[in-house]
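[1] Model the structure of this input:
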Amino acid sequence: MQFPASSRDRGGAPLDRNNFGPRLGIAYKLTNKTVLRTGAGIYYSQSDIPDQTAAYFRNGPPRQILITDVYPFEMPSRLIFRDGYPTLTMSDKIPLNALVPVAPDYRAITYVGQWFFDVQRDLPGGILFTLGYQGNKTTQGISNREINNPWTPHPTIQFELRRIRPQLASMNYFYNGENANYNAMVVKAEKRMGQGLTFLSAFTWSHTIDTRTEQADRWRDTHNTSLERGTSSGDVRLAYTLSALYELPLGQGKRWMNSGPVKHVVGGWQVGGLLSLYSGLPNDHTFNVNTQNNGGVVRGDWVRNPNLPSGQRTIDRWFDTGFVRAGVPGELTNAGRNLILGPGNRNLDFIVTRTFAMPWEGHRLQFRFESFNFTNTPNFGNPNTAVGTPAAGTITSADDPRRIQFALKYLF
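    Next up, the predicted model:
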């Protein structure tokens, strides 16, 4: 999981973009063909948005920002806020998002602890087999949330009329406090080029949990972000990939058809492909009846599992749209985030190449046929998750269909 971080630490000292903490790796040979490996490390990240307004806060003290175009015009047109919030007596509020406060203990550095353990074994045919576990933990994730929303829901009064600081509008608060963790089992088989064949096959079974969605305004209660702890928006639970390249055993120096004029026709051919199979991504949803009136996202109250059996899913009804109902007025709705699984992805890219030797040493001409999504398998986009609207549960997008291209490469 990635969060933006600062180009400087709390004291304002610049950081190296490749900064990392301690790392440790250990390998132990059990037998001639079996090795145990383990390792761990701590890595740091920093901001890649130093040109944005909020970056004024991220360069260390005095943590200030300029406010321009304040209305009404009786007030000064430019203010500097160093300590707390201004005392305002005017009837009009400062414009939306004019204030960008930052936590007093704000440290614009996120760090990730990573670790792994695996067993590797040599198999016949030059194949290396790996079975292992991988994990990581993100700490001090940088996030932002609205802090001028009401403390509690209300059955009838809209949240804009009950802000904590009524003289101010929206206040987007930057802080370090979000966490994430990732755990995975990895199975891999790898064969380096030998006897005309090379491949890499890998299967991953993983789960990513966090509290910070990629959309900053998706809190049910902006004063209690722990309610959002759940499956990450980037969680790919199951993933399998296979890449392979095979040189046909035909032509000069090969097993078959290696003599006579035919060797110049059938030699130099390679075929390969990349197969990828991924499970669907989780999707957050909204509910169109706002019983909270607290400024947070409304998801409704849980009724049942939204994910239909695979045989019942269609692009017109991908999930059960009746899985939530209107909440109790004046209470937070209880449905969590990222409950709806989107379509998986299946793709096969295919390539055929033929290499011709040129009369000059080291010169070759290569013909390439490449097809992306070779099987023309439809990979649909995510469904509409605005529950309570007519379009809920429908899918109206898809990835590219089959594409084919031809190319000539001159190598020297």
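
[2] what's the average pLDDT for the helix or strand harbouring residue 241?
    If you go by DSSP states H and E, residue 241 is part of strand 238-247. Averaging pLDDT along strand 238-247 gives 94.

[3] Quick check: residue 255 touching residue 266?
    No. Residue 255 is beyond contact range of residue 266, at 11.6 Å (criterion: Cβ atoms under 8 Å). Where you see a C-beta, it was placed from the backbone N, CA and C, and this is true even at glycine.

[4] So the two - more neighbours on which side?
    Taking neighbours as other Cβ atoms under 10 Å, residue 255 and residue 266 compare with residue 266 leading, 17 against 11.

[5] gap between that one and residue 325?
    67 Å (Cβ to Cβ, to the nearest Å).

[6] How many residues are close by the nearest residue to residue 27 once chain neighbours are set aside?
    In space, not counting the residues next to it along the chain, residue 27 is nearest to residue 37; the distance is 4.7 Å by Cβ to Cβ, 6 or more residues apart in numbering. Close neighbours of residue 37, defined as other Cβ under 10 Å, add up to 15.

[7] Measure how far the helix or strand where residue 37 lies is from the centre of its chain, please.
    Assigned by DSSP H and E, residue 37 belongs to strand 34-45. With Cα atoms, centre = their mean, to the nearest Å as the basis, strand 34-45 stands 22 Å off its chain's centre.

[8] Which positions within that strand qualify as buried?
    Across strand 34-45, burial judged by 16 or more other Cβ atoms under 10 Å covers 35, 40, 41, 42, 43, 44, 45.

[9] just stretch 212-232 next, same as before
    Across stretch 212-232, burial judged by 16+ other Cβ under 10 Å covers 212-213, 218-223, 225, 227-228, 230-232.

[10] so how far is the first residue of it from its last?
    In stretch 212-232, first residue to last residue: 8 Å (Cα to Cα, to the nearest Å).

[11] Measure how far it is from the centre of its chain, please.
    In terms of Cα atoms, centre = their mean, the centre of stretch 212-232 is set 16 Å apart from its chain centre.

[12] and for stretch 111-124, what are the contacting residues?
    Residues outside stretch 111-124 that contact it (Cβ atoms under 8 Å, 6 or more residues apart in numbering): 21, 33-45, 128-140, 186, 189.

[13] helices and strands around the strand holding residue 37, which ones?
    Here strand 34-45 touches strand 20-29, strand 110-123, going by 3 or more Cβ pairs under 8 Å, 6 or more residues apart in numbering; DSSP states H and E.

[14] Mind listing the strands it pairs with, and their directions?
    Here strand 34-45 is paired, per DSSP bridges, with strand 20-29 (antiparallel), strand 110-123 (antiparallel).

[15] can I get these in CSV with distance to residue 406?
    Putting those into CSV (distance: least, Cβ to Cβ, whole Å) gives the following:
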stretch, distance to residue 406
strand 20-29, 44
strand 110-123, 37
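
[16] Out of those strands, which is closest to residue 330?
    Relative to residue 330, the nearest member of these by Cβ to Cβ is strand 110-123, separated by 36.6 Å.

[17] Could I get the full set of strands for the stretch 251-400 of the chain?
    Remark: strands assigned in the stretch 251-400 of the chain by DSSP state E, counting those that start in this stretch are 269-278, 282-283, 286-287, 301-302, 324-325, 340-341, 345-357, 364-372, 386-387.

[18] To residue 171, which of these lies closest?
    The minimum distance between residue 171 and those falls on strand 286-287, with 22.6 Å, by Cβ to Cβ.

[19] Report the contact partners of the residue nearest to residue 272 when sequence neighbours are not counted.
    Spatial nearest neighbour of residue 272, excluding adjacent residues (Cβ to Cβ, 6+ apart): residue 245 at 3.8 Å. Residue 245 is in contact with 193, 197, 198, 199, 270, 271, 272, counting by Cβ under 8 Å, 6+ apart.

[20] returning to what we had before: for the residue nearest to residue 27, give me its contacts.
    When contacts are counted by Cβ under 8 Å, 6+ apart, residue 37 touches 25, 26, 27, 28, 116, 117, 118, 119, 120, 132.

[21] any idea how far residue 322 is from it?
    Applying Cβ to Cβ, the value for residue 37 to residue 322 is 49 Å.

[22] Okay, now the unreliable bits of the stretch 151-300 of the chain?
    213-217, 253, 257-260, 262-265 (pLDDT under 70).

[23] Quick check: phi and psi on residue 361?
    Recorded main-chain torsions at residue 361 are phi -60, psi 130, according to degrees, to the nearest 10.

[24] What is the neighbour count of it?
    By other Cβ under 10 Å, 7 other residues sit near residue 361.

[25] Report pLDDT for it.
    Model confidence at residue 361, given as pLDDT, is 82.

[26] For it, give its distance to residue 412.
    Distance check for residue 361 against residue 412: by Cβ to Cβ, it reads 10 Å.
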